[in-house]
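# Here you go, sequence then predicted model.
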Amino acid sequence: MLAHIASNSVELCKFIAHLGLKLTKPQLRHVTNVADALIVSEVRRKTLSALHRELLDPPSDQYALADCFRESPWTAEQVRSRLLMYLVPLAVRLARVLHLEKLLSISFDDSLCAKDPATRYLEAVDWHHDHNASSKKRPVYRNGSVYVLCRLQIGFIQFTINWRLYLRRKTVRRLNRKRAKSQRVPYASKYTLVRQMLKELSPLLPEDFTIYVLFDSWYTAAKLITFIRRQGWHVICALKSNRVLKRPGLPGQSPVVKQQVRQWAKELRYTPYTRARVKAADDTVTTYLMRSLTGRLNRVPFDVCVLISKRTRRDKRPAYFLCTDLALNAQTVLKYYLLRWPCEVDNWYLKEALGLADYQMQKLEAIAKYHAVVFLALAYLQWRAVRIKLRDRTAQPTLADVIRQHRQEHHRQLVEAVARMTLNIGAVEPVLDHFLRQSPPHQLPMIPSVQVASVAQTASGYT
């Protein structure tokens with residue numbers, strides 16, 4: 001097997017140096033190696049042993065690497081807080097220097113890291129409701145762990161700045177039965193996790209920016225909306241059809257009429273539509289038919305705007321959106337709500353490209369550390385994408401482009417190392433022995449005998 005990392009990426013080391021992590025030299029070395037290998041490795045499952053095999057000259061064996069997550073006294077909070085403290089001021093400072101529009105969006109989303117149904121002994125893993133795969137008549141549950149992420153965007157500057165692991169109440173009770181009182185895990189709902197992240201973010205946000213907090217219908221709680229408005233920020237979110245909206249009644253009716261938003265949609269079925277043309281991430285333009293109404297949700301002490309959106313006139317399942325900024329029109333509300341889409345892109349890169357769901361640690365604290373290193377790798381990719389954009393404002397770099405560039409840099413370093421060692425030694429066999437490793441027998445691909453024969457015949461034709 002060919003190891004791809006001859007030395008750590010200079011850009012990655014530079015990014016980690018900017019964070020100022022309070023880690024010991026061995027801890028920092030392991031964190032850097034794992035983050036680098038997560039980006040370079042192309043294996044299907046990015047276990048610690050697979051990541052360790054990407055290092056040409058590892059500083060220690062794979063058991064020491066595993067102990068960095070299982071036994072070493074550093075915490076995921078150290079990495080998470082430093083990322084937050086570095087990325088948010090950086091985004092604001094760049095926005096001021098570049099004279100970008102003073103519009104800042106904060107998006108929240110949760111996602112499920114699916115594990116094998118037979119997985120039982122990983123403390124963060126339990127059965128969760130999969131609302132993406134479920135329907136009204138058929139709920140779907142998957143075994144895995146759930147996390148909530150927070151994303152910040154100002155123009156083209158966008159970073160995933162915070163995250164939390166979510167544990168069910170039942171999972172927390174199960175874990176605390178085996179823990180000492182000082183080591184017990186407090187339960188926090190997804191609403192609580194979002195509120196905690198907003199509290200941490202509040203001192204870092206500029207007062208002269210217009211701030212919108214975006215989330216889907218699962219977070220549209222009256223307490224959260226009220227808390228956000230109390231900070232002077234606005235909310236744009238999806239809304240469930242059964243939420244009750246209070247509006248002044250018409251002459252001859254009661255002073256205040258309370259109805260579910262889907263009932264208000266029926267009452268407005270003869271009113272004219274407002275057309276909103278919205279451009280998606282793939283540059284396609286979609287026209288939506290919109291109706292709006294203003295009122296108050298239950299337990300929300302101020303007026304909000306509710307939008308009823310249809311794709312066609314015959315659409316029987318309209319979507320509902322809420323906005324606390326009454327000055328925005330329907331098209332602008334939908335345009336801002338689409339800023340949530342990069343959260344889904346980040347979830348894909350985290351789980352598919354960076355192996356967030358490939359952890360095999362048992363303890364909750366070790367899993368949280370692994371998550372911290374994966375989110376650090378994602379933040380580095382986003383940081384490099386912003387730097388590419390700063391050098392060339394016409395460029396449109398994706399995270400896939402940055403991953404490809406990162407891997408090419410390592411390939412160049414590897415070829416240079418091979419060439420230098422060959423020139424110094426003057427022989428080929430020692431170089432091959434040093435750079436090529438024998439894969440364990442269980443990892444060697446099985447090649448049918450027919451395919452071996454055809455390869456041999458093809459090779460004989462070139463000799």
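In hand now; what should we look at? Residues are numbered from 1 along each chain as shown.

# I'd like the average pLDDT over whichever strand or helix holds residue 84.
Using DSSP states H and E, residue 84 sits within helix 76-97. On average, the pLDDT along helix 76-97 is 97.

# next one: it to chain centre, how far?
16 Å (CA atoms, centre = their mean, to the nearest Å).

# Other residues contacting that helix?
Helix 76-97 is contacted from outside by 18-23, 31, 100, 102, 104, 152, 154-155, 157, 159, 161-163, 200-201, 204-206, 209, 365, 368-369, 371-373, 375-376, 379, 383, 386, 390, using CB atoms under 8 Å, 6 or more residues apart in numbering. (Glycine included, C-beta is placed from N, CA and C.)

# Of those, grab the buried ones for ChimeraX.
To isolate the buried members of the contacts of helix 76-97 in ChimeraX, using 16 or more other CB atoms under 10 Å:
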select :19,21,23,31,100,104,152,154,155,157,159,161,162,163,200,201,205,209,365,368,369,371,372,373,375,376,379,383,386
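
# Now go through the contacts of helix 76-97 and say which are in helices.
18-19, 31, 200-201, 365, 368-369, 371-373, 375-376, 379, 383, 386, 390 (DSSP state H).

# from memory residue 380 sits against residue 12, does it?
Yes. With contact defined as CB atoms under 8 Å, residue 380 reaches residue 12; the gap is 5.7 Å.

# any residues in contact with both of the two?
Shared contacts of residue 380 and residue 12, counting by CB under 8 Å, 6+ apart, come down to 35, 39.

# coming back round to it: next, the buried residues of the helix holding residue 84.
For helix 76-97, by 16+ other CB under 10 Å, it's 76, 78-84, 86-88, 91-92, 94-95.

# Can you pick out the most distant pair from these?
Spatial extent of the buried residues of helix 76-97 (CB to CB) is set by the pair 76 and 95 at 28.3 Å.

# Check the gap between residue 189 and residue 165 for me.
Look at residue 189 and residue 165: by CB to CB, to the nearest Å, they are 13 Å apart.

# okay, those two: which has more neighbours?
Neighbours were counted for residue 189 and for residue 165 using other CB atoms under 10 Å; residue 165 has more, 18 against 12.

# Pairing-wise in the sheet, spell out the partners of the more buried one.
residue 147 (DSSP bridges).

# Against residue 375, how distant is it?
11 Å.

# Show me the strands in this structure, by range?
For the chain, the strands defined by DSSP state E occupy 103-114, 126-129, 141-154, 157-166, 210-215, 234-239, 244-248, 256-260, 274-279, 285-297, 304-310, 319-323.

# The first one to strand 157-166, inter-axis angle?
I take that to be strand 103-114. 40 degrees (axes from the mean of the first three to the mean of the last three CA atoms, to 10 degrees).

# The third one too?
With the same axes, to 10 degrees as the criterion, the two stretches strand 141-154 and strand 157-166 enclose an angle of 150 degrees.

# State the distance from residue 124 to residue 111.
14 Å.

# When those two are compared, which one has more neighbours?
Using other CB under 10 Å, the more surrounded residue of residue 124 and residue 111 is residue 124, with 26 against 21.

# so what are the domain limits for this structure?
Domain assignment for the chain, taken from automatic domain parsing, gives 10-75+348-417, 77-347.

# Tell me how many other residues surround residue 216.
Residue 216 has 18 neighbouring residues, counting by other CB under 10 Å.

# what residues are up against it?
Contacts were defined as CB under 8 Å, 6+ apart; by that measure residue 216 touches 109, 237, 238, 340.

# can you do 7 Å?
Residue 216 makes contacts with 237, 238, as judged by CB atoms under 7 Å, 6 or more residues apart in numbering.

# can you check residue 101 too?
Residue 101 neighbours (CB under 7 Å, 6+ apart): residue 155.

# gap between it and residue 208?
Between residue 101 and residue 208 the computed distance is 12 Å (CB to CB).

# for residue 265, same thing?
Distance of residue 265 to residue 208, given as CB to CB: 38 Å.

# The two - which one has more neighbours?
A count of neighbours by other CB under 10 Å puts residue 265 above the other of residue 265 and residue 208, at 18 against 6.

# is the closest residue to the more buried one other than its chain neighbours in a bridge, and if so with what?
Residue nearest to residue 265 in three dimensions, not counting chain neighbours: residue 308, with 4.8 Å by CB to CB, 6 or more residues apart in numbering. Beta-bridge pairing for residue 308 (DSSP bridges): residue 291, residue 320.

# quick one: contacts for residue 386?
Counted by CB under 7 Å, 6+ apart, residue 386 has contacts residue 157.

# ok, residue 217 touching residue 241?
No. Using CB atoms under 7 Å, residue 217 makes no contact with residue 241, being 9.1 Å away.

# Looking at the domains of the chain, which one is packed in the most?
Among the domains of the chain, ranked by average contacts under mean count of other CB atoms under 10 Å, first place goes to domain 10-75+348-417 (a mean of 18).

# Pull the distance from that one to the chain's centre.
Remark: domain 10-75+348-417 is offset 15 Å from the chain centroid, using CA atoms, centre = their mean.

# Which pLDDT value belongs to the closest residue to residue 245 other than its chain neighbours?
Sequence neighbours aside, residue 295 is the residue nearest to residue 245 in space, at 4.5 Å (criterion: CB to CB, 6+ apart). As predicted, residue 295 sits at a pLDDT of 94.

# Distance check, residue 295 against residue 243.
Residue 295 is 11 Å from residue 243, by CB to CB.

# now residue 397
Residue 397 sits 40 Å away from residue 243, going by CB to CB.

# try residue 197
24 Å.

# thought residue 211 was touching residue 236?
No. Assessed by CB under 7 Å, residue 211 is found out of contact with residue 236, at 10.9 Å.

# contacting residues for the residue nearest to residue 245?
Residue 295 touches 245, 246, 247, 303, 306, counting by CB under 7 Å, 6+ apart.
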